[in-house]
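In: following is a predicted model, sequence given first.
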Amino acid sequence: MPSHRARLCRLLTKYLMASKFNSRKTVDDMRLEAERLTKWVRLPSNTHVESITLNSISAEWVCYGEHSNDRVVLYLHGGGYNVGSPNTHRELAAYLSLSSRARVLLPDYHLAPEHPFPKALNDATLTYRWLLTSGYSSDKIALAGDSAGGGLAIATAIDLRKKGYALPASIICISPWTDLSMSGESITSRAAIDPLLNIHIMQRMASNYLGTNDARNPLISPVYANLEGMPPLLIHVGSDEMLLDDATRLAAKAKQANVDVTIKIYPGMWHVWHLCTKRMPEAKNAIEALGTFICKHFVD
């Protein structure tokens with residue numbers, strides 16, 4: 001049974017957040033609305049934020065306290081490849097830094113429709129390679145993301161494998177969008193109960209990112225990929241999400257490839273409820289579980 005705070009956050013998600021993202025708004029409008037919502041962000045005390053530029057990509061380090069500088073979570077924000085920035089995910093990154101005892105790197109990767117596939121993937125791969133060339137060891141890097149960022153995290157690992165780079169110590173996917181063809185059964189079966197997502201916005205965002213590419217390209221929709229050789233994988237998803245099947249099918253595909261995969265389906269939760277870490281215990285507990293998994297797979 002969801003807590004009272006969770007029920008309140010669900011209502012806020014439905015009537016405050018979801019209302020900002022509808023088919024009547026342009027992508028620019030939705031980006032502006034997402035940035036306006038950041039006025040509610042409150043970082044935990046003792047959080048340090050540093051803006052940097054790596055090659056052509058802006059990014060920021062988010063670190064709680066004085067964590068070891070050699071442990072990094074490369075976090076790819078969600079937003080359907082069309083919306084989102086370090087601003088929208090800084091609070092989540094700060095709590096993830098707290099729970100994982102690592103620095104979090106948030107790249108401001110390029111968005112569609114101005115920059116369709118493969119620009120976001122190239123940016124993510126480039127950021128990971130920058131960490132390697134800057135002296136960070138792959139066994140002390142975790143690759144994480146939510147929604148589109150969760151799918152992008154898997155796609156980045158696949159791209160790295162293809163190019164012969166050392167893979168990260170682990171991958172963490174929160175409510176991942178892994179099938180831009182949207183063939184999962186939950187896309188329709190959960191549509192009435194998902195308080196945040198809607199099919200019209202998802203279709204538009206998918207089209208913007210795809211350009212002329214096939215939605216079943218494994219680097220766009222990793223649910224269709226060969227996941228052999230992927231590092232340990234943790235997937236969080238809510239039972240009430242339209243993307244539930246994106247997560248469960250990814251887990252099944254990983255298991256088929258003999259990947260060490262753990263999937264946790266949270267009853268009554270919705271898309272990326274982790275964004276409510278400061279406001280509800282279910283989100284706080286989920287972030288702590290992510291941190292435990294990340295720490296477990298870092299090599300000392």
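Out: Received it, and whenever you're ready, just let me know what you need. Numbering: from 1, shown residues only.
In: ok, the residue nearest the centre of the chain to N55 distance?
Out: For the chain, D146 is the residue whose C-alpha lies nearest the centre (C-alpha atoms, centre = their mean; 1.8 Å). Distance, D146 to N55, using C-beta to C-beta, to the nearest Å: 24 Å. (Glycine included, C-beta is placed from N, CA and C.)
In: got any ranges where the stretch 151-300 of the chain has weak pLDDT?
Out: The stretch 151-300 of the chain contains no residues with pLDDT under 70.
In: how about a cut-off of 90?
Out: Along the stretch 151-300 of the chain, the model assigns pLDDT under 90 to residues 277-279, 299-300.
In: show me where it has strands.
Out: 170-174, 233-238, 261-266 (DSSP state E, counting those that start in this stretch).
In: how far off centre is the second one?
Out: Distance of strand 233-238 from the chain centroid (C-alpha atoms, centre = their mean, to the nearest Å) equals 10 Å.
In: try stretch 213-228
Out: Mean C-alpha position of stretch 213-228 versus that of the full chain (C-alpha atoms, centre = their mean) differs by 17 Å.
In: now stretch 205-212
Out: For stretch 205-212, the gap between its own C-alpha mean and the chain's C-alpha mean amounts to 18 Å (C-alpha atoms, centre = their mean).
In: what lies in contact with it?
Out: For stretch 205-212, the external contacting residues (C-beta atoms under 8 Å, 6 or more residues apart in numbering) are 27, 80-83, 112-113, 116-117, 120, 148, 180, 182, 215, 220.
In: can we see that at 7 Å?
Out: Outside stretch 205-212, the residues that touch it by C-beta atoms under 7 Å, 6 or more residues apart in numbering are G80, Y81, N82, A112, P113, P116, F117, L180, M182, A215, I220.
In: kindly report the same for stretch 28-35.
Out: Stretch 28-35 has contacts (C-beta under 7 Å, 6+ apart) with K20, F21, G79, V83, G84, N87, T88.
In: let's verify L105: helix, strand, or coil?
Out: For L105, the secondary-structure state derived from DSSP: H, G, I helix; E, B strand; the rest coil is strand.
In: beta-bridge partners for it, please?
Out: Judged by DSSP bridges, the bridge partners of L105 are W61, L74.
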